[in-house]
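Asker: Just need the structure, nothing else, for what follows:
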Amino acid sequence: MTGVVIVTGAGGAIGEAVCKAFAAAGHQIVAIDVRRPDPMGDDTIFVDIDLNRYCLDPEYRDTSNARLHDAVRGRHLAALINNAAVQIVKPSAALTTDDWSRTLNVNLLAPFLLTQELLDELTASHGAVVNISSIHAMQTKPEFVAYATSKAALNGLTRSLAVDLGGRVRVNSISPAAIDTPMLREGFAGQEKLLDQLGQMHPAGRIGEPGEVAALTVFLASDATAFMTGTDIALDGGIGARLRDPL
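Answerer: Next comes the predicted model:
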């Protein structure tokens, strides 16, 4: 059943792909970000929300919630896609309390608060929540302590909400490995050979595409997965199954 789909982090590469995929499936999009997606579909409503402030400021949260409800306007709310994320890359000794606060607010608390706020609408439509997690929830590397912790907690939130909400609302998550986004490429600026090596480390022989995350997101929100809840799907090109050792 088509309806309204709310997508956070809609201005990023994965968020834009998710919006386009749901729009192509016949849904109206409510796009949440601090910057307006460009280009934006004709049937897309943009709601400017700073999710860190949303978690910290009750008055701002109330105002933002009113704007969200107005955007949905009592229509069928098919899905909430919690895609927005903060990724702070620092060694443990350099992480500040502000780094932790922003990371946990955007990556963990905001998905919960939005689900809580939209629970009545999602319940009425037997809707779905899809949380965009990360391979870092299970496998990480140096300087990703705050990010990896937040994504591991997001997977825990996915399971817990699925149990707590039962048959009212389905809640699942996706844990992508490396996805070809401008942010990823910026991290490999001047080191294109290393980016190629990263692709080859995946048994699939390459890194993923935003559209592949988007397609799986649409699938998880569809009636085809009506019996699936509390599940995390690794969209990782097989890298999670690969053992790396000196030989």
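
Asker: Contact partners for Q200?
Answerer: By CB atoms under 8 Å, 6 or more residues apart in numbering, no residues touch Q200. Heads up, the C-betas are built off the backbone N, CA and C, glycines and all.

Asker: Now the most centrally placed residue in the chain: phi and psi?
Answerer: Geometric centre of the chain, nearest residue: N83, 2.1 Å, by CA atoms, centre = their mean. When read as degrees, to the nearest 10, the backbone of N83 gives phi -110, psi -30.

Asker: how about low-confidence regions in the protein?
Answerer: 1, 247 (pLDDT under 70).

Asker: if we go to 80?
Answerer: 1, 38-42, 244-247 (pLDDT under 80).

Asker: Show me where the chain has its helices.
Answerer: Using DSSP state H, the helices of the chain run over 13-24, 51-56, 58-72, 97-104, 110-117, 119-124, 145-165, 182-187, 192-201, 210-220.

Asker: out of those helices, deepest packed?
Answerer: Ranked by mean neighbour count, the helices of the chain are led by helix 13-24 with a mean of 23 (mean count of other CB atoms under 10 Å).

Asker: contact partners of that helix?
Answerer: Counting by CB under 8 Å, 6+ apart, 5, 7-10, 29, 31, 33, 37, 40-41, 43-44, 79, 81, 83-84, 132, 176, 179-183, 210-211, 213-215, 217-218, 221 sit against helix 13-24.

Asker: okay, the angle between it and helix 210-220?
Answerer: Inter-element angle recorded for helix 13-24 and helix 210-220: 50 degrees (by axes from the mean of the first three to the mean of the last three CA atoms, to 10 degrees).

Asker: Determine how far helix 13-24 lies from the middle of the whole chain.
Answerer: Chain-centre distance of helix 13-24: 12 Å, with CA atoms, centre = their mean, to the nearest Å.
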